[in-house]
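> from the sequence below, what's the structure:
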Amino acid sequence: MKAQVAPLEGNKVKLSVEVDEVEVDAAIDDTFERLAKELVVPGFRRGKVPRRVLEARLGRARARREALDRHIPGWYERAVNDKAVDVIAEPEINVTAGEDTGPVSFDAVVEVRPRLKLAGYDAIKVQVPSPVVSEDDVQAQVDRLRANFAELVPVEREARTGDSVVVDMTATRDGKPYPALTYSDYSVELGSGNDLPELDEHLPGAKAGGTVSFEADVGGPVHVEVLLKQVQEKVLPEETDEWAEEASEFSTLAELREDIRGRLSQFRRAQATEAFRSGVMEALIGLVEDDPPAALVDAETRRLAEALGRRLDSQGVPLQRYLDALGRTLEDVVAEMRAQAVASVKADLALRAVAEDLAIEPSEAEMDQYLERMARRAGATAEQVRAEVERRGQRLAVRSELKKSKAFDWLVEHAEVTDEEGNPVDRALLATEDEDREGSAEPGAGPAASYSPEAQVAQGSADGQPSLGAQALVEESAR
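Okay, the predicted model is just below:
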């Protein structure tokens, strides 16, 4: 079999394939063998019908047509693999010679993944929350813990945000009592986010014995009157070793503060690292000016819909209950998926462009390490993952994912990172590459990617017909 590839307008190519007569005859023989097992001919046992009888009964022309219909897709796949054509849609196949006799030739016009020329990826700038923990940050956490042990002391002054107040409250709607907002000796902490936010707005500044009235919206207008009976101030305990021992597992205040500093530092580092990596990806996506191919967006939208459908199925949640909980329609959810799919495809194309521009090629040792990371996330052994990847014919796809992962690592290494005030961030304060990889997905496996080998391998036997709810998602995503 011979194949040639010719570029066409846009991101399409024409794959011209020639299949020699020997291979065509082998395909016809295979067809006759299959028909001999399937057809029932009077006077012969199934599977024992002679070739000459089948040819006389069916005709060689019909067998040839069936052979071509059955084998052309396989010949096309071979040509795609031999020529490493990165197809993203179904081909339009036209047989140009050999329908009746001799060698077979056909053309396949197919859309391929576009190759971007990306400018500016080497000058990405990202702003992140500062990973540095100050003494004020530690003190704020200590004060928050002290507030849990605070005493409420009555005071003779106006109420302030942060105080607790004791009130009697009555409410009316259209001149009639509204029992849902009628309380006696009701304690309210001002500024804590009350169910009735107007309390936080109108009570500060009032004194004990005073009355405050206002209009509130509680599924409709309600008139509320509040008698402020007492103002209580929070008095925090002193910062002592005795208090630290009572409030924590530490025997001294210094130990408590050091633990708070360590925990806060770990959180800030993780927060800044996540913001940094997300920011790099968002900046990269922003460099892609053209709309991505509809075929890729449609495929990614369908993948997201199927993933959500499987997730709902595994939890036993009907699709309509899920939509009701979100307060969204099916169309709303699919529209969000499509927007996410556009970003994912742009990220995929951009990372491929960076990898190609930098001539990134993973070594076999790096491939082995990547498969081992996939195995850990899938809860399988490296051997199981390798076997599954080979079975699904995904080795090239996984290699492509690794190339994108290395491209993303390059971007992270070369991007400029500053805090909210524009100060350079010490990269040593961010999570290391290994820490990040162990704690999060590869860049190609997250929201901004159109292929996830980890997810594909982990699905395993989950592939199959979606449930009715999942099917509705898939059908809507295809519109």
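
> please count neighbours and contacts with C-alpha atoms only from this point.
Will do.

> now do whatever helix or strand residue 109 lives in: everything it contacts.
Secondary structure from DSSP states H and E places residue 109 in strand 104-111. With Cα atoms under 8 Å, 6 or more residues apart in numbering as the test, strand 104-111 has contacts from 11-21, 24, 76, 87-98.

> among those residues, which are in helices?
Assignment to helices by DSSP state H places the following of those there: 21, 24, 76.

> let's have these in a markdown table, adding pLDDT, neighbour count and distance to residue 154.
Output for the ones in helices among the contacts of strand 104-111, formatted as a markdown table (pLDDT from 0 to 100; neighbours: other Cα atoms under 10 Å; distance: Cα to Cα, whole Å):
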| residue | pLDDT | neighbour count | distance to residue 154 |
| --- | --- | --- | --- |
| 21 | 94 | 15 | 101 |
| 24 | 94 | 21 | 97 |
| 76 | 96 | 20 | 85 |
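
> which of these sits closest to residue 296?
residue 76 (20.4 Å; Cα to Cα).

> can you redo the ones in helices among the contacts of strand 104-111 as TSV with distance to residue 34?
Putting these into TSV (distance: Cα to Cα, whole Å) gives the following:
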residue	distance to residue 34
21	20
24	15
76	21
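
> pLDDT weak spots in this protein?
38-43, 45-49, 431-479 (pLDDT under 70).

> in it, what residue spans correspond to strands?
2-7, 12-19, 92-97, 104-111, 125-127, 151-154, 164-173, 176-177, 183-189, 211-217, 221-235, 416-418 (DSSP state E).

> so which of the ones you listed comes closest to residue 54?
strand 104-111 (22.8 Å).

> strand partners of the closest one, parallel vs antiparallel please.
Using DSSP bridges, strand 104-111 pairs in its sheet with strand 12-19 (antiparallel), strand 92-97 (antiparallel).

> what residues does the longest one touch?
Right, the one you point to is strand 12-19. Residues contacting strand 12-19 (Cα under 8 Å, 6+ apart): 1-8, 76, 79, 103-112.

> go on, the last one?
By Cα under 8 Å, 6+ apart, the list of residues contacting strand 92-97 from outside reads 103, 104, 105, 106, 107, 108, 109, 110.

> let me have those in CSV, extended by distance to residue 292.
Below are those laid out as CSV (distance: Cα to Cα, whole Å):
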residue, distance to residue 292
103, 39
104, 35
105, 32
106, 29
107, 26
108, 22
109, 19
110, 16
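
> which among those gets closest to residue 411?
The shortest approach to residue 411 among the contacts of strand 92-97 belongs to residue 110, at 32.1 Å (Cα to Cα).

> what's the neighbour count on the closest one?
Residue 110 has 20 neighbours, counted by other Cα atoms under 10 Å.

> what's the single longest helix in this protein?
Identified as the longest helix of the chain according to DSSP H is helix 253-286.

> list the buried residues of that helix.
The neighbour-count check on helix 253-286 (16 or more other Cα atoms under 10 Å) flags 253, 255-257, 260-261, 264-266, 268-281, 283-285 as buried.

> who are the packing partners of that helix?
Using 3 or more Cα pairs under 8 Å, 6 or more residues apart in numbering; DSSP states H and E, the elements in contact with helix 253-286 are strand 125-127, helix 135-147, helix 241-247, helix 330-357, helix 395-414.

> many thanks, I have nothing further to ask.
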